[in-house]
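Undergrad: Just the structure for this:
(one chain, ligands or ions: 2)
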Amino acid sequence: MRQISVTEHLQLHQKNTPGATGRFTSLFNELILSAKIIHREVNKAGLVDILGETGDRNVQDEEVQKLDEYANKILIHRMQRCGVLCAMSSEEQADLIQIPRNFPRGDYFLVFDPLDGSSNIDANVSIGTIFSIYRRKHGSGDQVELHDVLQKGSEQVAAGYFLYGSSTVLIFTTGDGVHGFTLDPSVGEFLLSHPDIRTPEQGRIYSVNEAYWHYWDRKTQDSVTVFKDPNSELGRLYSLRYIGSLVSDFHRNLLYGGIFMYPADFRDPKKPHGKLRLLCEAAPLAMLVRQAGGMATDGLNPILDIEPQELHQRTPLFIGSRIDVSKVQEIFATE
Ligand code: AHM
Ligand code: MG
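TA: Ligands and ions are numbered 1, 2, ... in the order given. I've put the predicted structure just below:
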């Protein structure tokens, strides 16, 4: 079989996009290089006893960093030099990240979660980098304001994730379907492994942290109950699968079908919107799932239609196969 690399795929996309200048392609290439560097470090994580604990010095007398901080630094360092961004936002940083004045710039806005699920890393559980790309909406000055870049998810130009697992995969969409590439470490290139991913209409998996049951409202409890009810209209038996690493849970459900839920809960009354963040977690996965034929909602509104008011806004998330997510929506719509 002829192997299509991600580089070739991106060149083809550029050729088929009227008016394309190659700027998006260079952004993407830099993102891929950053992910390869993160992949290398993630793969060394098991060697921490040999190389040194976090905060320690390793055998080369270098400071050992926490991997999520390392991934964040790599992405900022590389992406601010790629020449086509006006600003960035990271899950790890409270404010917008400005591009230094002496660096070339463009009008793309990059949002990322550098290493989602990183609390799982010492147990060798798969973790990932989530990214989302927008175009600047207003203004053209060097200093970018929130209002210049904050937009609803439906305005995303591209979105995706790198999953550092038994192999490292890149799943992304530029609005023409979802494509998956697997890193072949022997040649250092991502090769097309999952062309045009379609998620099943209905799954057999529900994924949620049920330990929070007592902190959910009635509609959320009813939504989870429906997937355990042998007599529900869904008409099939579901299994519960919850890794606690969003990219891994999402990736499995994208391929096999099913629903992932991180609902609002009232463990902390000051944080009534769940844990996940709209811009760097929910919106990019919502673009992917919609492109793959699935759905994403906060219960009442499609995730892609929510207008963000702040960078780190949180949202309840129900995401996955169309029939499964529609069922939740139906429950939330009842009086
Ligand atoms: P993080 O961004 O701090 O890694 O937190 C997000 C992670 C997701 O990967 C995962 O879905 C969720 O937290 C699990 O949370 P919980 O332990 O509350 O179920
Ligand atoms: Mg995260």
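Undergrad: Please report how far the residue in the stretch 201-335 of the chain positioned nearest to ligand 2 lies from Leu234.
TA: Taking CB to the ion, ligand 2 has its nearest neighbour within the stretch 201-335 of the chain at Glu281, 5.4 Å off. Placement of C-beta: from N, CA and C, glycine included. Distance of Glu281 to Leu234, given as CB to CB, to the nearest Å: 26 Å.
Undergrad: between those two, who's got more neighbours?
TA: Glu281 (26 against 18; other CB atoms under 10 Å).
Undergrad: Look up phi and psi at that one.
TA: Glu281 has phi and psi values of phi -130, psi -60 when expressed as degrees, to the nearest 10.
Undergrad: and what of Tyr164?
TA: phi -90, psi 90.
Undergrad: That one: what's it in contact with?
TA: Tyr164 makes contact with Ile38, His39, Val42, Asn43, Ser126, Ile127, Gly128, Thr129, according to CB atoms under 8 Å, 6 or more residues apart in numbering.
Undergrad: just the strands in this structure please.
TA: Using DSSP state E, the strands of the chain run over 85-90, 97-98, 108-116, 127-135, 158-164, 168-173, 178-184, 189-194, 205-207, 239-240, 259-262, 295-297, 317-320.
Undergrad: Out of those, which gets nearest to ligand 2?
TA: strand 108-116 (3.7 Å).
Undergrad: and the closest one, average pLDDT?
TA: Here strand 108-116 scores 97 as its mean pLDDT.
Undergrad: try stretch 208-220
TA: The model assigns stretch 208-220 a mean pLDDT of 97.
Undergrad: wait, what's in contact with the residue of the stretch 201-335 of the chain closest to ligand 2?
TA: Glu91, Asp113, Asp116, Ile130, Leu246, Leu317.
Undergrad: ok, now which ones touch Tyr262?
TA: By CB under 8 Å, 6+ apart, the neighbours of Tyr262 are Val208, Asn209, Leu246, Gly274, Lys275, Leu276, Pro316, Leu317.
Undergrad: scratch that, Leu85
TA: Counted by CB under 8 Å, 6+ apart, Leu85 has contacts Leu27, Met79, Ile99, Arg105, Gly106, Tyr108, Phe109, Leu110.
Undergrad: go on, Ala159?
TA: So Ala159 contacts Phe131, Ser132, Ile133, Phe172, Thr173, Ala283, Pro284, Leu285, Met287, Leu288 (CB under 8 Å, 6+ apart).
Undergrad: pLDDT value on it, please?
TA: 98.
Undergrad: ok, for it, nearest residue in space, not its chain neighbours?
TA: Leaving aside its chain neighbours, Ala159 sits nearest to Pro284 (3.6 Å; criterion: CB to CB, 6 or more residues apart in numbering).
Undergrad: burial count for the one you found?
TA: 28.
Undergrad: Wait, it touches Gly160, no?
TA: Yes - counting by CB atoms under 8 Å, Pro284 touches Gly160, with 6.8 Å between them.
Undergrad: and Arg78, what does it touch?
TA: Counting by CB under 8 Å, 6+ apart, Arg78 has contacts Glu30, Leu33, Ser34, Ile37.
Undergrad: Now do it against Phe103, distance only.
TA: On the measure of CB to CB, Arg78 and Phe103 end up 12 Å apart.
Undergrad: And Leu288, by the same measure?
TA: For Leu288, the distance to Phe103 - CB to CB - is 30 Å.
Undergrad: Val178 too?
TA: 32 Å.
Undergrad: can you check Arg290 too?
TA: Arg290 is 34 Å from Phe103, by CB to CB.
Undergrad: Check the gap between the residue nearest to Ile37 when sequence neighbours are not counted and Ala94 for me.
TA: Leaving aside its sequence neighbours, Ile37 sits nearest to Ile74 (CB to CB, 6+ apart; 5.3 Å). Here Ile74 is placed at a distance of 19 Å from Ala94 (CB to CB).
Undergrad: which one of the two has more residues nearby?
TA: The neighbour count for Ile74 versus Ala94, taken as other CB under 10 Å, is higher for Ile74 (19 against 8).
Undergrad: pLDDT at the more buried one, what is it?
TA: Reported pLDDT for Ile74: 96.
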